[in-house]
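A.B. asks: Give me a model of this one.
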Amino acid sequence: MRLLSRVLPVLVSLGLASCAGVKVGTNYDPAAVQRIDEFRTYAWLAHPQRTKDTRINNDITEAQVTEAVDRDLQARGYRKVDASANPDFLIGWQGAIDTRLSAETVDNYWGYPWDPFWGSYYGPSETYVRQYDVGTLIVDVVDAREKRLVWRGTAQANLGDSPSIQGNGGRIEKGVEKMLEKFPPKPEKS
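C.D. replies: Residues are numbered from 1 along each chain as shown. The predicted structure is shown next:
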């Protein structure tokens, strides 16, 4: 029981870390803020296949990303048009899944100062190594008239030990929603 009471907090913290939310970031061209604010129509760029990872390059993920972006933009008044209809901006996306390692060391110094056995056991520290995958989604906004990138949003989430396209738990939708909350960018205040 003593071992469980000392190891349980570490296991719970590892579990919570793996359930952490989606982290987002955005970047934009400050000189293009006024032009971006005038955007009303958009079209999709062709999705480049930059990786052979079938967890990213497949019809299901393509549909999840495009539907999430379309839903969010259209709810805010943007209108999707055909690329030949001279849209104001173009949308493209890319994705990646990277494998990472996490190491947690548990000190096996047992007991508390009020415990009668405090200081009586010094065991070797144990290090637990965990391998997990992190997914990154990048959404780009390109000024259709000038053909240049004017806004980029990134979303990153821990996919756990065995990511699959079917079990993404709504991370794509959450990531797109959180990213696009910052689109269009607000002008910087002087």
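A.B. asks: CA atoms for contacts and neighbours, from now on please.
C.D. replies: OK.
A.B. asks: What's opposite the most centrally placed residue in the chain in the beta bridge?
C.D. replies: Among the residues of the chain, the one closest to the centroid is Gln156, at 2.0 Å (CA atoms, centre = their mean). Beta-bridge partners for Gln156, by DSSP bridges, are Lys23, Thr136.
A.B. asks: mind listing what it touches?
C.D. replies: Val22, Lys23, Val24, Val134, Gly135, Thr136, Leu137, Gly175 (CA atoms under 8 Å, 6 or more residues apart in numbering).
A.B. asks: give me that answer again for 10 Å
C.D. replies: 21-25, 95-97, 134-138, 171-172, 175 (CA atoms under 10 Å, 6 or more residues apart in numbering).
A.B. asks: Looking at the residues you listed, which one is closest to Asp82?
C.D. replies: Ile138 (22.0 Å; CA to CA).
A.B. asks: Tell me which other helices or strands the strand or helix carrying the closest one touches.
C.D. replies: Secondary structure from DSSP states H and E places Ile138 in strand 126-143. Using 3 or more CA pairs under 10 Å, 6 or more residues apart in numbering; DSSP states H and E as the contact test, the elements touching strand 126-143 are helix 2-18, strand 23-28, helix 33-37, strand 41-44, helix 59-75, strand 89-106, strand 148-160, helix 171-180.
A.B. asks: If I take it and strand 89-106, what angle do their directions form?
C.D. replies: Following axes from the mean of the first three to the mean of the last three CA atoms, to 10 degrees, one obtains 170 degrees for the angle between strand 126-143 and strand 89-106.
A.B. asks: Pull out the buried positions in strand 126-143.
C.D. replies: Tyr132, Asp133, Val134, Gly135, Thr136, Leu137, Ile138, Val139, Asp140, Val141, Val142, Asp143 (16 or more other CA atoms under 10 Å).
A.B. asks: partner residues bridging the last one?
C.D. replies: Listed beta-bridge partners, Asp143: Phe89, Arg148 (assigned using DSSP bridges).
A.B. asks: cool, and the first one?
C.D. replies: For Tyr132, the beta-bridge partners are Arg100 (DSSP bridges).
A.B. asks: Appreciated, that's everything.
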